[in-house]
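> 3D model of this:
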Amino acid sequence: MIRAFELAVRQLSDPRLRGIIWQSLALSLVLQVGIGVLAWWALQSFATFQWSWLNDAIRWLGGGAVVVLALMLFPASFGIVISIFMEKIADIVESEHYPKLGPARGIPVWTGIWSGILFLVTLIVLNLLMLPFYLVALFVAGLGAVLFYGVNGWLAGREYYEQVALRRRDPAEVRAWRKANGGTLWLTGAAIVFLGTIPILNLIVPVLGVAAMVHIAQMLKPPFNPPAGPR
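You can find the predicted model right below:
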């Protein structure tokens, strides 16, 4: 996994990737603002109690809470970003490091976007459901972070791998390879989510994550009984 991220970081200087980085930066910022606005609206909607002091407290604390929620839900924007730029990023990485693979059959753009939207919705809903557990976990040192990175890492690893692998394998093969390498993909997803919570760096994480996952896909061990299908 470390080797995959090392190779991905080194290739960020590629002019072809730099152009995609700027485009993903713009989209990530738009999505982040949208998530922040949605979180602010949700919090403000709770300020409807009959006690004015309680409503004022909610509004005053809302600003800080929105920042926390926006940061917590930032990985949810990754799915949309990678669904749009994934093909280009993967092609660039493979042409540089794995030219013998040849052109990938790819996946339809709208299929990728729909997958990204489902990923975004799933991640937002799951994190909102997990919010009470996150709050309780704050009283145990490190437990909140473990829960957050564990839950989001599992989803991110699954989404990134499937988007990359479906370019060359059929769905049955992708599921078999994913199950055979669940731990590796989980750790990779957790690393992507962790980098996504670091300010500034999180804006290029969609590009970095796809590039790293292309390498991970080539390093995975095959399933015990891999289904027949094109590579």
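> For the protein, which segments count as helices?
2-10, 15-44, 52-73, 78-97, 109-137, 143-165, 171-180, 182-196, 205-219 (DSSP state H).
> Out of the ones you listed, which is the most enclosed?
Stretch with highest mean neighbour count among the helices of the chain: helix 205-219 (a mean of 25; mean count of other Cβ atoms under 10 Å). Where you see a C-beta, it was placed from the backbone N, CA and C, and this is true even at glycine.
> what packs against that helix?
With contacts taken as 3 or more Cβ pairs under 8 Å, 6 or more residues apart in numbering; DSSP states H and E, helix 205-219 sits against helix 2-10, helix 15-44, helix 78-97, helix 143-165, helix 182-196.
> Let me have the ones you listed in CSV, extended by distance to Lys221.
Formatted as CSV, those follow (distance: least, Cβ to Cβ, whole Å):
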stretch, distance to Lys221
helix 2-10, 14
helix 15-44, 28
helix 78-97, 19
helix 143-165, 14
helix 182-196, 8
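> between the ones you listed, which gets nearest to Ala217?
helix 143-165 (5.3 Å; Cβ to Cβ).
> Who are the packing partners of the closest one?
Using 3+ Cβ pairs under 8 Å, 6+ apart: helix 143-165 touches helix 78-97, helix 109-137, helix 171-180, helix 182-196, helix 205-219.
> how far does it sit from the chain's center?
7 Å (Cα atoms, centre = their mean, to the nearest Å).
> any idea of the angle it forms with helix 171-180?
150 degrees (axes from the mean of the first three to the mean of the last three Cα atoms, to 10 degrees).
> would you put the C-alpha positions of helix 143-165 in PDB?
Provided in PDB are the C-alpha atoms of helix 143-165 (Å, rounded to 0.1, in the frame of the first residue of the first chain):
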ATOM      1  CA  LEU A 143     -12.200   5.500  19.500                       C
ATOM      2  CA  GLY A 144     -14.000   8.200  17.500                       C
ATOM      3  CA  ALA A 145     -11.200   8.300  14.900                       C
ATOM      4  CA  VAL A 146     -11.100   4.500  14.700                       C
ATOM      5  CA  LEU A 147     -14.900   4.400  14.000                       C
ATOM      6  CA  PHE A 148     -14.800   7.200  11.500                       C
ATOM      7  CA  TYR A 149     -11.800   5.900   9.500                       C
ATOM      8  CA  GLY A 150     -13.000   2.300   9.800                       C
ATOM      9  CA  VAL A 151     -16.500   3.000   8.400                       C
ATOM     10  CA  ASN A 152     -15.600   5.400   5.700                       C
ATOM     11  CA  GLY A 153     -12.400   3.500   4.800                       C
ATOM     12  CA  TRP A 154     -14.400   0.400   4.100                       C
ATOM     13  CA  LEU A 155     -16.800   2.300   1.800                       C
ATOM     14  CA  ALA A 156     -14.100   4.300   0.100                       C
ATOM     15  CA  GLY A 157     -11.900   1.300  -0.500                       C
ATOM     16  CA  ARG A 158     -14.800  -0.600  -2.100                       C
ATOM     17  CA  GLU A 159     -15.800   2.300  -4.300                       C
ATOM     18  CA  TYR A 160     -12.300   3.200  -5.500                       C
ATOM     19  CA  TYR A 161     -11.500  -0.400  -6.300                       C
ATOM     20  CA  GLU A 162     -14.700  -1.200  -8.100                       C
ATOM     21  CA  GLN A 163     -14.500   1.900 -10.300                       C
ATOM     22  CA  VAL A 164     -10.900   1.000 -11.300                       C
ATOM     23  CA  ALA A 165     -11.400  -2.800 -11.600                       C
END
